[in-house]
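[1] prediction below, plus the sequence it came from.
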Amino acid sequence: MTVNAAKGRPEQVGPPRGAATTRSEGAWGLVQPHAGPARTLWLVRHAPPLIPPGVCYGALDVAADPHATQSAAASLAAALPRHAALYASTLQRCEQLAKSVTRLRPDLIIKHDDRLREMDFGAWEGRPWDAIGPAALQAWADDFAQHAPGGGESVSDFMLRVAAAFDDTRAALAPGRAAAWITHAGVIRAAGLIAQGVRCVASAADWPRDSSPGFGAVRVLTLAD
């Protein structure tokens with residue numbers, strides 16, 4: 001989930017369909033995931049979903065492009081540290097990538113976690129953003145933290161569940177070990193905020209406005225003690 005604060009609407013963007021790549025990024029810049037005994041969290045976005053552009057999809061369970069998934073899996077399997085703790089959203093676009101990675105890396109075991117699912121947009125799911133209309137989007141922007149778009153999930157509730165998963169993942173990691181989440185753009189952005197100590201986003205202007213993590217891309221966070 002990406003929010004355009006000026007327009008008050010989310011944007012779901014990424015590289016052209018099929019252009020899945022794997023790259024290592026920190027929350028706000030490049031990091032070295034293997035340096036020293038630090039614990040690291042690899043945030044991996046699924047491959048491009050098979051859905052027309054301009055359609056709202058969060059909790060909507062759509063499949064990902066199979067060829068782009070295989071490409072992303074090959075890059076990720078080659079990069080992940082041995083015996084990394086692997087967690088995956090239960091939506092099929094993430095499960096596809098997780099299963100493809102473990103076929104290449106039998107040392108990795110998938111742990112499914114509903115808390116890594118994308119934000120739920122309720123009745124907006126599967127509808128074109130243009131059909132949802134500016135009034136509904138403005139109502140969300142006016143109460144960004146607490147309003148549940150489409151009757152689904154509020155940003156406040158979304159941040160709480162991602163923070164709970166973040167805390168559990170960090171607590172389970174020994175020094176020098178890595179965990180990976182195969183998840184969604186909104187979850188990756190939320191995790192970046194949480195890593196900086198931000199657990200409540202009061203307005204759309206406070207939501208990260210950098211470009212959305214690319215499909216199949218990796219963002220690596222170094223976890224503080």
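    On my side now, so go ahead.

[2] what residue is smack in the middle of the protein?
    His184 (2.6 Å; CA atoms, centre = their mean).

[3] and the pLDDT for that residue?
    For His184, the model assigns a pLDDT of 97.

[4] repeat that for Pro213.
    At Pro213, the pLDDT value in this model is 79.

[5] thought it was touching Gly186?
    No - because the distance of 9.9 Å does not satisfy CB atoms under 8 Å, Pro213 is recorded as not touching Gly186. In short, each C-beta sits where N, CA and C put it, glycine included.

[6] now the residue nearest to the centre of the chain. Nearest residue, chain neighbours left out?
    Glu118 (3.8 Å; CB to CB, 6 or more residues apart in numbering).

[7] and the one you found, how far is that from Ala205?
    Glu118 sits 22 Å away from Ala205, taking CB to CB, to the nearest Å as the criterion.

[8] picking up where we left off before, can you confirm the residue nearest to His184 is in a strand?
    No - membership of Glu118 in a strand is not supported by DSSP: H, G, I helix; E, B strand; the rest coil, which gives coil.

[9] can you give me the helices for this structure?
    For the chain, the helices defined by DSSP state H cover 66-79, 92-104, 129-132, 134-142, 155-172, 185-195.

[10] higher neighbour count, Glu118 and Ala205?
    Glu118 (24 against 13; other CB atoms under 10 Å).

[11] what sits against the more buried one?
    By CB atoms under 8 Å, 6 or more residues apart in numbering, the contact list for Glu118 reads Met1, Tyr57, Gly58, Ala59, Ser89, Leu91, Thr183, His184, Ala185, Gly186, Val187.

[12] pLDDT value on the spatially most distant residue from the centre of the chain, please?
    The C-alpha centroid of the chain is most remote from Ala135, which lies 27.0 Å away (CA atoms, centre = their mean). Note on Ala135: pLDDT of 96.

[13] Leu173 versus Ala98, what's the distance?
    From Ala98 to Leu173 the distance is 18 Å (CB to CB).

[14] so where is this structure shaky, pLDDT-wise?
    The chain contains residues with pLDDT under 70 at 1-36, 211-212.
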